[in-house]
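Student: pasted the sequence and its predicted model underneath.
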There are 2 protein chains.
Amino acid sequence: MLKYEEIIDKLLSDPIYVDGDRLPPIRALAEQMNCSRGTVIRAYEILEERHLAYTIPQSGTYLMKRQMTGAKSQNRIDFVSAGLESRLRPHKHFEHCMIQALQSEHYDYAPPEGLESLRKCLVSHFEKRYLYTSVDRILVTTGAQQALYLVLQLILESKQGLMIEQPTYGDFQRIIEKTNVSVYTFNREGNSIDFNALEITLKQNKIGWLYTVSNFQNPLGTSLSSKAKKKLLELANQYNFYVIEDDYLGDLNLDLKVETLHYLDIENRVFYVTSFSKTFLPGIRIGTLIAPETYVEMLKFYKKSIDLNTCTLSQMGLQKYFDAEIYDKHIRKVKRAIRGKMKFLRRYQKLFIEKGIECEIPDAGIFAWLVFPENIDVLRLVKILKAERIDVIHGNFFYWHQRRESHAIRISIANVNEASMTQGIERIIEVIEHIK
Amino acid sequence: MLKYEEIIDKLLSDPIYVDGDRLPPIRALAEQMNCSRGTVIRAYEILEERHLAYTIPQSGTYLMKRQMTGAKSQNRIDFVSAGLESRLRPHKHFEHCMIQALQSEHYDYAPPEGLESLRKCLVSHFEKRYLYTSVDRILVTTGAQQALYLVLQLILESKQGLMIEQPTYGDFQRIIEKTNVSVYTFNREGNSIDFNALEITLKQNKIGWLYTVSNFQNPLGTSLSSKAKKKLLELANQYNFYVIEDDYLGDLNLDLKVETLHYLDIENRVFYVTSFSKTFLPGIRIGTLIAPETYVEMLKFYKKSIDLNTCTLSQMGLQKYFDAEIYDKHIRKVKRAIRGKMKFLRRYQKLFIEKGIECEIPDAGIFAWLVFPENIDVLRLVKILKAERIDVIHGNFFYWHQRRESHAIRISIANVNEASMTQGIERIIEVIEHIK
């Protein structure tokens, strides 16, 4: 073992070097390890290259929290995460905005619905995304997850049934499964939904709510057509239910105009949920809920009960970012990157077809849904891939109580680069050849 | 009107200068207003002095968000807020720590229970406060409020009754009032509680939970004696219920050793809740829950449902603050300040007695509870004070369904200086003389 490798090994394995600690001064460590200072410097550099340490000028080199670096996941191909690759995150600009927020020294408690100044920014921001609303209907939430949780409280209170599409966002289903809400499912099919089955359920049951990821669906990747969206809203009016529109990738609507249900809705039928985690920064935990006016006061009460208000500092940082007028520029960059990756993935479409894999790869969005032939044991496939450090999610996860035997996997392109995609996809093809 | 006043007036009233905007360059504004640059500089300085603008070196002067400055409340005497005066908040040091966190660029999603590295810090931190626990039993929450909300989910699930002391933290009662939990009350009296009444309730009902603010009680300011705490835990074991200990000012235990129920508990009966809002910074929204091991998994599930995880950036900033080993120093400063203010308030004790006002002013903590003679209309008193820009909370707010006619007000000393205290207290005395 080379000396610098020995040093790295020691720093990572010796329990006296705790994650987050400043590493020893170079001179001291060189003496202790009986080597030159250059060797220690080399070791520190390699740790930084591997993202296992970072340097703060005029302060020193710090050992990285392993749990934060995802050091474990660094050698993995991550088709699971929906959060952007680190290189696409606006860390530097956001840092500057947060420093402004910190220096103002005015982060304190905030109103449960969020800072008014931020909500004002959001009204203008949403306008660019064809969402027309007012300051009073916006709630700033601790991630889109909390927006869904808040609406769930209204559903529970209403004692009316909830319809959810299949497949759909797994973690939301896992929460509802634990409640006593009456849940009815309907199938999402291509760019539409099974309206016949939907209407039968609507006629036979007391339905007050319907949940859908309208665009760039999770896990399918597809978006509802304009026609399907209009039809859905017609039914909402006819059968008197509210639609919870989960538009987690809503920022991609900038310059693109994939219609939202919120945009098409003229009868206040839509609770609109969106996120700043997927296209901006998940670590600030900010999402948004736009609600029909009559429900806003009740939602504020629930929000206050749950956590008083969303992290004020995050809200101020995001607002400063909007003030700096760099948000749209950032989103355009993200959109280019995402579309580029989807285009790259589409190069495999022909191969997928040859292998009997059904896969509709959308223009934009971050998810693709691969449906394998019947003779493929998908559970075994997922396990083999995992052992080979390729992470994907089994399709069953996206069904109610995970009951459906789905023969599919979900692929996220958010946190993989082209090299990893190539390696991962080609390995998937090889494995199914082997196990079929 | 002097020229610089004209400039200030223009900047504050002209709608083209939006809150949060960078103010115009000095030269440009001087030309526009037809005055010297010195006059513009003077105007900007005055805006800063009035906290209506702030300067970022190498960037410029920014117009302050008026809603954040609390500009309105600046002329008020605030006996309501529980958050520290701005001068006692560790803004500068925390800013440095947050910059480190930002520069590491590793704020991402976090585990629902909080970053392991922060929870490790908390174990050591809590030890200094005589709280002995392990990393696995700590949940980092979005403020202490969320810790209470999480435990409330367990209470709801248990379908067992909850006992709450009277008076107690109003906002927690407002939440429970909206649920279908069976609530029973008992009286807090001096440094103890009415154990006789408590035991009768325990014998007659299926009680699974008891909520108490054990130390520096909100609103009374008093702490349970060691004897009362031990007796309470004995009953918890005998009647098989859990105690939710809300120790929102727990940091004051550093070097002081006011016992907590958590410290005295040996049978895992205590859910311990504490806050980083009252003695540190409310705007980062961080609190903590220490739970009996068997409930941790369920709490994690609820936490994940509610918001996936507490703001990662706040968690990392707080951790860096602990790493820098300046937390205890900050707390000692806060303690000195708080005790100084309480001592100052105690100068009025004799006067209170003369006027027939019952008031036990504790050594530490931030609240005092003034009980007025029967002939004082407290609601009227609160209204008159409000009109005179002196804010206090009517005692009724701290009772179940606000039903009790309490004849008391709560005074918080957290956000007032000695001058305001003098002015506020003396005015209260004058008003009651007038209205009795």
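Tutor: Nice, I can see it.

Student: neighbours of residue A:386, how many?
Tutor: If you count neighbours by other CB atoms under 10 Å in any protein chain shown, residue A:386 ends up with 12. In this view, the C-beta of every residue, glycine as well, is placed from N, C-alpha and C.

Student: so which strand or helix has it?
Tutor: Element membership for residue A:386 (DSSP states H and E) is helix A:378-387.

Student: name the nearest residue to the residue in the stretch 251-400 of chain A positioned nearest to chain B, ignoring sequence neighbours.
Tutor: Closest contact between the stretch 251-400 of chain A and chain B, by CB to the nearest CB, is at residue A:283 (2.9 Å). In space, residue A:283 comes closest to residue B:107 once its chain neighbours are excluded; the distance is 2.9 Å by CB to CB, 6 or more residues apart in numbering or on different chains.

Student: tell me the contacts of that neighbour?
Tutor: A:68, A:281, A:282, A:283, A:284, B:101, B:312, B:313, B:316 (CB atoms under 8 Å, 6 or more residues apart in numbering or on different chains).

Student: where does residue A:369 land on pLDDT?
Tutor: For residue A:369, the pLDDT comes out at 97.

Student: low-confidence ranges in the stretch 151-300 of chain A?
Tutor: Low-confidence segments of the stretch 151-300 of chain A (pLDDT under 70): A:255-256.

Student: chain B contacts on that one?
Tutor: With CB under 8 Å from any CB of the partner chain as the criterion, the stretch 151-300 of chain A meets chain B at residues A:171, A:175, A:178, A:277, A:281, A:282, A:283, A:284, A:285.

Student: determine which two of these are furthest apart.
Tutor: Largest separation among those by CB to CB: A:178 and A:281, giving 29.1 Å.

Student: who has more neighbours out of those two?
Tutor: Applying other CB under 10 Å to residue A:178 and residue A:281 shows that residue A:281 carries more neighbours, namely 25 against 12.

Student: was I right about residue A:81 contacting residue A:414?
Tutor: Yes: at 5.9 Å, residue A:81 counts as touching residue A:414 under the criterion of CB atoms under 8 Å.

Student: look at those two and report which has more neighbours.
Tutor: The residue with more neighbours, out of residue A:81 and residue A:414, is residue A:414; 23 against 19, by other CB under 10 Å.

Student: so residue A:404 sits in a strand?
Tutor: No: under DSSP: H, G, I helix; E, B strand; the rest coil, residue A:404 sits outside any strand and is assigned coil.

Student: and for it, the neighbour number?
Tutor: 15.

Student: and the helix or strand hosting residue A:421, which residues are buried?
Tutor: Residue A:421 belongs to helix A:418-435 when assigned by DSSP H and E. Using 16 or more other CB atoms under 10 Å in any protein chain shown as the test for burial, helix A:418-435 gives A:420, A:421, A:422, A:424, A:425, A:427, A:428, A:429, A:431, A:432.

Student: equivalent analysis for stretch A:290-303, please.
Tutor: Buried, per 16+ other CB under 10 Å, within stretch A:290-303: A:290, A:291, A:292, A:295, A:296, A:299, A:300, A:302, A:303.
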